[in-house]
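A.B. asks: no sequence for this one, just the structure:
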């Protein structure tokens with residue numbers, strides 16, 4: 001349910017498992033080092049009881065059983081009817097949790113060793129597009145056609161896990177969102193630049 005998945009810590013746990021990763025709680029704790037261990041174990045337990053995480057292996061380490069978990073992707077999705085029923089405040093909370101996960105991933109990358117955005121194929125961009133509702137629908141279908149086959153890739157030798165975050169937002173319709181009709185036209189005006 002949305003309430004289960006949109007908690008900031010639980011969302012970060014789910015994000016850590018994306019891409020068919022199998023992790024122990026020890027490995028998860030290393031990735032989410034700012035989350036207190038007691039809290040981490042409690043949230044892993046909740047996600048496991050809800051069927052979002054599943055135990056795929058167990059091994060005895062001294063007197064403790066160490067479990068390896070994987071994400072049950074279909075169980076980690078908020079259903080369309082739940083999304084429709086969410087209030088604006090709930091959507092904002094969900095977006096805050098989502099962005100917190102993005103920032104944690106970015107911080108981990110930028111503070112680990114010597115990051116090289118060009119070499120690693122990392123980056124962040126923002127752009128604006130003028131699209132009718134039909135063109136926007138076509139764009140989303142095209143985007144899915146590019147993403148879908150790659151989301152099915154399994155982790156294998158030579159493949160690196162790459163996180164892709166998307167946020168699509170319309171801007172408010174304003175009078176200033178109309179084409180410029182000045183006497184000089186658009187000559188000399190540059191295109192939007194990627195950030």
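C.D. replies: Good, I have the coordinates. Fair warning: this is a prediction, and the values are worked out from it, not measured in the lab.

A.B. asks: Run through the helices of the chain in chain order.
C.D. replies: Using DSSP state H, the helices of the chain run over 2-5, 8-17, 25-31, 37-49, 80-85, 88-110, 117-120, 133-151.

A.B. asks: pLDDT averaged over the second one, what's the number?
C.D. replies: The predicted model assigns helix 8-17 a mean pLDDT of 90.

A.B. asks: list the contacts for the spatially most central residue of the chain?
C.D. replies: Central residue of the chain (Cα atoms, centre = their mean): residue 165, 4.7 Å from the mean position. Residue 165 is in contact with 98, 102, counting by Cβ atoms under 8 Å, 6 or more residues apart in numbering. Any C-beta I mention is one placed from the backbone N, CA and C, and that applies to glycine too.

A.B. asks: ok, now how distant is it from residue 30?
C.D. replies: Counting by Cβ to Cβ, to the nearest Å, the separation of residue 165 from residue 30 is 22 Å.

A.B. asks: ok, residue 6 - how many residues close by?
C.D. replies: Neighbour count for residue 6, taken as other Cβ atoms under 10 Å: 20.

A.B. asks: In this structure, what helix or strand scores lowest on average pLDDT?
C.D. replies: When the helices and strands of the chain are compared on mean pLDDT, DSSP states H and E, helix 2-5 comes out lowest with a mean of 84.

A.B. asks: and that helix, what does it pack onto?
C.D. replies: helix 8-17 (3 or more Cβ pairs under 8 Å, 6 or more residues apart in numbering; DSSP states H and E).

A.B. asks: Tell me what angle the helix it packs on forms with helix 37-49.
C.D. replies: Relative orientation of helix 8-17 and helix 37-49, computed by axes from the mean of the first three to the mean of the last three Cα atoms, to 10 degrees: 70 degrees.

A.B. asks: What are the buried residues along helix 8-17?
C.D. replies: Neighbour-count burial for helix 8-17, counted by 16 or more other Cβ atoms under 10 Å, picks out 8, 9, 10, 11, 12, 13, 14, 15, 16, 17.

A.B. asks: Max pairwise distance over those: which two?
C.D. replies: 8 and 17 (15.8 Å; Cβ to Cβ).

A.B. asks: Show me where this structure dips below the pLDDT cut-off.
C.D. replies: Scanning the chain with the threshold set as pLDDT under 70 gives 175-179, 182-195.

A.B. asks: on that earlier part again, in TSV: the buried residues of helix 8-17, plus distance to residue 45.
C.D. replies: Formatted as TSV, the buried residues of helix 8-17 follow (distance: Cβ to Cβ, whole Å):
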residue	distance to residue 45
8	17
9	12
10	11
11	16
12	16
13	11
14	14
15	18
16	16
17	15
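
A.B. asks: Deepest in the core, which of the helices of the chain is it.
C.D. replies: Neighbour counts (mean count of other Cβ atoms under 10 Å) averaged over each of the helices of the chain peak at helix 8-17, with a mean of 21.
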